[in-house]
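Asks: Here you go, sequence then predicted model.
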Amino acid sequence: MKKIVLTLVGGIAALGLSFGVTAASADEQGTGLQIVRVDYNVKGVDTSANAYQESVRVQNKGATPASLAGCTLEDLTGHTYHFPASFSLAPGAYVNVRTGKSPSTDPANWWNSPVNLYWNRTSHMYGNSSDSVTLECGGSRLDRVAWNDFAIRP
């Protein structure tokens, strides 16, 4: 049985707080790649200007580098992010895949660091009250995190 530890990080959106999920789950295919955090309900009203705050964090929890060539993140409605063909993560490293565009064009800005990849969408993707995100590589599911009315499940 897959063991999962989840922590709901949140508050009420009307109060200006954001919602997210921190997940630590077993890698289903033994690659070391796991979804360890999903920020699906950002602070305030969803706009194109804050879509970059919506993100999925993937971490390599393995002992060797992991290639994300051929890997995707997909939500329940089929929105699919394809990782760059040459992208890999060193052991312990992580990447945030952000839905929107970088809020800064300055290459020295933190938002443009190597830990962030941008989908460059102009709207939010993940459902604020229910949705899921699945990490697949080469057609094999590596990990999945789902939420429904703030009842989080693997």
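Replies: Looks like it came in fine.
Asks: And the pLDDT for the closest residue to Thr122 other than its chain neighbours?
Replies: Leaving out its chain neighbours, the residue that sits closest to Thr122 by Cβ to Cβ, 6 or more residues apart in numbering is Ser48, at 4.5 Å. No exception for glycine: its C-beta is placed from N, CA and C like everyone else's. Model confidence at Ser48, given as pLDDT, is 82.
Asks: With Val45 instead?
Replies: pLDDT, read off for Val45, is 83.
Asks: residues contacting it?
Replies: Residues near Val45 by Cβ atoms under 8 Å, 6 or more residues apart in numbering: none.
Asks: gap between the two ends of stretch 121-141?
Replies: In stretch 121-141, first residue to last residue: 24 Å (Cα to Cα, to the nearest Å).
Asks: May I see the buried residues of that stretch?
Replies: Neighbour counts over stretch 121-141 (16 or more other Cβ atoms under 10 Å) mark Arg121, His124, Met125, Tyr126, Asn128, Asp131, Ser132, Val133, Thr134, Leu135, Glu136, Cys137 as buried.
Asks: Just send those back as TSV, with pLDDT too.
Replies: As requested, the buried residues of stretch 121-141 are exported to TSV (pLDDT from 0 to 100):
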residue	pLDDT
Arg121	86
His124	84
Met125	81
Tyr126	86
Asn128	83
Asp131	91
Ser132	94
Val133	96
Thr134	97
Leu135	97
Glu136	96
Cys137	95
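Asks: related to what we said a few turns ago, so the residue nearest to Thr122 makes contact with Asn120?
Replies: No - applying Cβ atoms under 8 Å as the test, Ser48 and Asn120 come out as separate, 10.6 Å apart.
Asks: which residues are common contacts for those two?
Replies: Common contact partners of Ser48 and Asn120 (Cβ under 8 Å, 6+ apart): Gly100.
Asks: what's the pLDDT at the residue positioned nearest the centre of the chain?
Replies: The residue lying closest to the centre of the chain (Cα atoms, centre = their mean) is Val56, at 1.0 Å. Note for Val56: predicted pLDDT of 93.
Asks: and it, what is it in contact with?
Replies: Neighbouring residues of Val56 by Cβ under 8 Å, 6+ apart: Ile35, Arg37, Val38, Asp39, Leu73, Asn96, Val97, Val133.
Asks: Go again with 6 Å.
Replies: Listed by Cβ atoms under 6 Å, 6 or more residues apart in numbering, the contact set of Val56 reads Val38, Leu73, Val97, Val133.
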